[in-house]
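Kindly generate the corresponding structure for this input.
(one chain, ligands or ions: 2)
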Amino acid sequence: MSGCGCAEVVTSGLLDLFDARGRMIAAARPVTGSERVALAEAARRVLAEDVLAALDMPGVDNSAMDGYALRLAERSDQGLPVALRVPAGAGVMHLPAGGCARIFTGAPLPLGADAVVPQERVTLDDRGRMHIEGELTEGANIRRRGEETREGELLLPAGARLDAAAIALLASHGIDEVVVVRRLTVALLSTGDELIEPGTARVPGQVYDSNRALLGALLDQAGCEVLDLGVIADARVDLHQAFGLARDDADLVICTGGVSVGEEDHVRPVIERLGGIAFHGVAMKPGKPFALGYLGDSLQAGTPLIALPGNPVASLVGWQLLALPFVQVRQGREAAPLQRFPVTAGFSRRGPRGRRELLRVVLDWAAGTPVARLAGGQGSHMLSAASQAHGYLVVDANQHVEEGHAYQYCPIAQFLD
Ligand SMILES: Nc1nc2c(c(=O)[nH]1)N[C@H]1C(S)=C(S)[C@@H](COP(=O)(O)OP(=O)(O)OC[C@H]3O[C@@H](n4cnc5c(N)ncnc54)[C@H](O)[C@@H]3O)O[C@H]1N2
Ligand code: MOO
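Ligands and ions are numbered 1, 2, ... in the order given. Here you go, the predicted model:
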């Protein structure tokens, strides 16, 4: 049984999924143009230039523990008097000869000290002298100046996407602005006479436009500016007008629906009129009628266009596996390699004919190692399983899934980056 309840069509002339992904990556060209933004605005942006370390990191030798700093050679059975107190934020002090320093995590190591003993390994006698339990080696519990990074070294390369850790790294060097690649403007439109906006009244047969909501959220997550062109009727004249606008105002056009073979599917002929198609049709389920095209003279000189299938899960999977790497390269970064590894199936299922299938699954860890279970109905119109899924179990064309056997698994979290 096919997941969508319809008879499976044996497909030919479709591109292999991984070939198609390779073609998407090869076809993408980074945009030019950059802007300087405040660090507070820089999350999810892509660095346009290398950022060098502004400081040695750590900036001074300092303590990794709350404890006592000492000269190891002065350790004695009589204990050491506490001659100094060094809180975090204190300047660099000198350790008086024959004494130790009370010190706190991150506080500058006093000059002369060569080890720190954590307070749990210390006793103070009734004269206030510090005694150490156990062994202590030179350099113990000291974080050395520059041990992580030296001033002038490469901190983050051009093309790095700024996630929370990268932003924190920049902040730790006192950097409050960065030069980032300008945001991609992506024109987004849905096609279909049945589509209506969420929040409006519906008559039977009408369908709420979920793909624009889906892709709007995905584009936002990917750090793109969305030029929302709304729902366009399945009519050549309307599509022609919308694509004309998108071509002039966007770095990329993404449309959904009307990309299959029915006579109501007008997207392809209009793209061919205004530009061309690089490829159409991928041996994947869901997501088969995926197309890469362009508006203008060529893929490189014109505005690239990605046509995603109307079925919502087909649009989602087409974005994650094919459109996202294209966007990543266009944003000036590298396409993230596809992460996949074997996971055992906890179910059996007839295999897809002629297409590689991406089953929406959840991982069950009850037995200690993960077992993939179907997240729900697998029809490419069924968003509920897609919204529950942890990942895709990738089943090769014409292969049956057998419970207890391992198949490649692609975690969905990788597509959020
Ligand atoms: N004879 C054939 N029919 C179909 C084939 C085929 O090879 N031969 N392929 C099927 C596959 S696979 C898919 S996927 C769909 C994709 O078709 P289209 O991209 O042309 O999409 P539509 O026909 O416009 O719509 C399909 C389906 O999705 C719903 N839809 C469309 N847009 C949205 C939206 N923005 N939000 C929510 N739902 C949407 C639409 O109402 C339809 O139910 O074609 C198969 N057919
Ligand atoms: O199987 Mo389609 O590719 O329904 O998405």
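
which residues are in contact with stretch 383-391?
210, 312-313, 316, 343, 360-363, 372, 374-378, 409-413 (CB atoms under 8 Å, 6 or more residues apart in numbering). Quick note: C-beta positions are derived from backbone N, CA and C, even for glycine.

To clarify, my last question referred to stretch 104-117.
With CB under 8 Å, 6+ apart as the criterion, stretch 104-117 contacts 60-72, 84, 86-95, 97, 100-101, 103, 132, 136-142.

buried ones in it?
Buried residues in stretch 104-117, counted by 16 or more other CB atoms under 10 Å: 104, 106-110, 112-117.

Could you list the residues of the stretch 151-300 of the chain in contact with ligand 2?
Residues of the stretch 151-300 of the chain lying near ligand 2 by CB under 6 Å from any ligand atom: 285-288.

out of the contacts of stretch 383-391, which are buried?
For these, buried by 16+ other CB under 10 Å: 210, 312-313, 316, 343, 360-363, 372, 374-378, 409-412.

Among these, which ones are in strands?
Counting by DSSP state E, the buried ones among the contacts of stretch 383-391 place 343, 360-363, 372, 374, 409-411 in strands.

in the stretch 51-200 of the chain, what residue is nearest ligand 1?
Ser190 (3.7 Å; CB to the nearest ligand atom).

and that residue, what does it touch?
Shown in contact with Ser190 (CB under 8 Å, 6+ apart): 209, 211-212, 230-232, 255-257.

In helices, which of those fall?
211-212 (DSSP state H).

are any of the contacts of Ser190 buried, and which?
Using 16+ other CB under 10 Å as the burial test, the contacts of Ser190 include 209, 211-212, 231-232, 255-257 as buried.

and these near ligand 1, which?
Okay, of the buried ones among the contacts of Ser190 touching ligand 1 (CB under 6 Å from any ligand atom), that's 209, 211-212, 256-257.

what's the closest of these to Gly293?
Thr256 (13.7 Å; CB to CB).

so who does that closest one touch?
189-191, 211-212, 215, 307-310, 315 are the contacts of Thr256 under CB under 8 Å, 6+ apart.

mind running it again at 6 Å?
Applying CB atoms under 6 Å, 6 or more residues apart in numbering to Thr256 gives the contacts 190, 211, 308, 310, 315.

What mean pLDDT does stretch 87-99 get?
Per-residue pLDDT over stretch 87-99 has a mean of 94.

What pairs with the helix or strand containing Leu393, parallel or antiparallel?
Element membership of Leu393, judged by DSSP states H and E, is strand 391-395. Taking DSSP bridges as the criterion, strand 391-395 forms sheet pairs with strand 356-364 (antiparallel), strand 406-411 (antiparallel).

ok, so of the buried ones among the contacts of Ser190, who is nearest Val329?
The closest of the buried ones among the contacts of Ser190 to Val329 turns out to be Cys255 (CB to CB; 20.0 Å).

The closest one pairs with what?
Beta-bridge partners of Cys255, as defined by DSSP bridges: Leu189, Ala307.

how far away is it from Leu189?
Applying CB to CB, to the nearest Å, the value for Cys255 to Leu189 is 5 Å.

Identify the contacts common to these two.
With CB under 6 Å, 6+ apart, Cys255 and Leu189 have no common neighbours.

The residue in the stretch 301-417 of the chain positioned nearest to ligand 1: what's it in contact with?
Of all residues in the stretch 301-417 of the chain, the one sitting closest to ligand 1 is Gly310 (2.4 Å; CB to the nearest ligand atom). With contacts taken as CB under 6 Å, 6+ apart, Gly310 has the following neighbours: 256-257.

go on, Leu322?
20-21, 24, 290.

can you check Ser348 too?
401-403.

Name the nearest residue to it, ignoring sequence neighbours.
Closest residue to Ser348 apart from its sequence neighbours, by CB to CB, 6 or more residues apart in numbering: Glu403 at 4.7 Å.

which element is that neighbour on?
Using DSSP H and E, Glu403 maps to neither a helix nor a strand.

Could you check how many residues crowd around it?
The local packing of Glu403 (other CB atoms under 10 Å) involves 11 other residues.

Sketch out the helices for this structure, chain order is fine.
Using DSSP H, helices in the chain cover 17-27, 164-172, 211-221, 236-249, 267-274, 312-318, 324-330, 383-388.

So the fifth one, near ligand 1 or not?
Spelled out, it's helix 267-274. No: counting by CB under 6 Å from any ligand atom, ligand 1 has no neighbours in helix 267-274; the shortest distance is 7.4 Å.

other SSEs contacting that helix?
helix 236-249 (3 or more CB pairs under 6 Å, 6 or more residues apart in numbering; DSSP states H and E).

rewinding a little: in a markdown table, list the contacts of Ser348 along with distance to Arg353 and pLDDT.
What follows is these, written out as a markdown table (distance: CB to CB, whole Å; pLDDT from 0 to 100):
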| residue | distance to Arg353 | pLDDT |
| --- | --- | --- |
| Val401 | 14 | 97 |
| Glu402 | 17 | 97 |
| Glu403 | 21 | 98 |
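
Can you narrow these down to the ones near ligand 1?
Of the contacts of Ser348, not one also sits near ligand 1 (CB under 6 Å from any ligand atom).

Let me know the closest of those residues to ligand 2.
Val401 (16.8 Å).

Domain parsing of this protein, as residue ranges.
17-34+183-330, 37-56+152-181, 62-143, 341-416 (automatic domain parsing).

Quick one: residues contacting the closest residue in space to Val361 that isn't next to it in sequence.
In this structure, Val361 finds its nearest non-sequential neighbour in Ala372, 4.1 Å apart by CB to CB, 6+ apart. With contact taken as CB under 6 Å, 6+ apart, Ala372 is in contact with 343, 345-346, 361, 393.

Report the beta-bridge partners for Ala372.
With DSSP bridges as the rule, Ala372 is bridged to Ala345, Leu363.

what about the strand holding Leu393 and ligand 2, any contact?
No: residues of strand 391-395 contacting ligand 2 under CB under 6 Å from any ligand atom: none, with a closest distance of 13.1 Å.

All set now, cheers.
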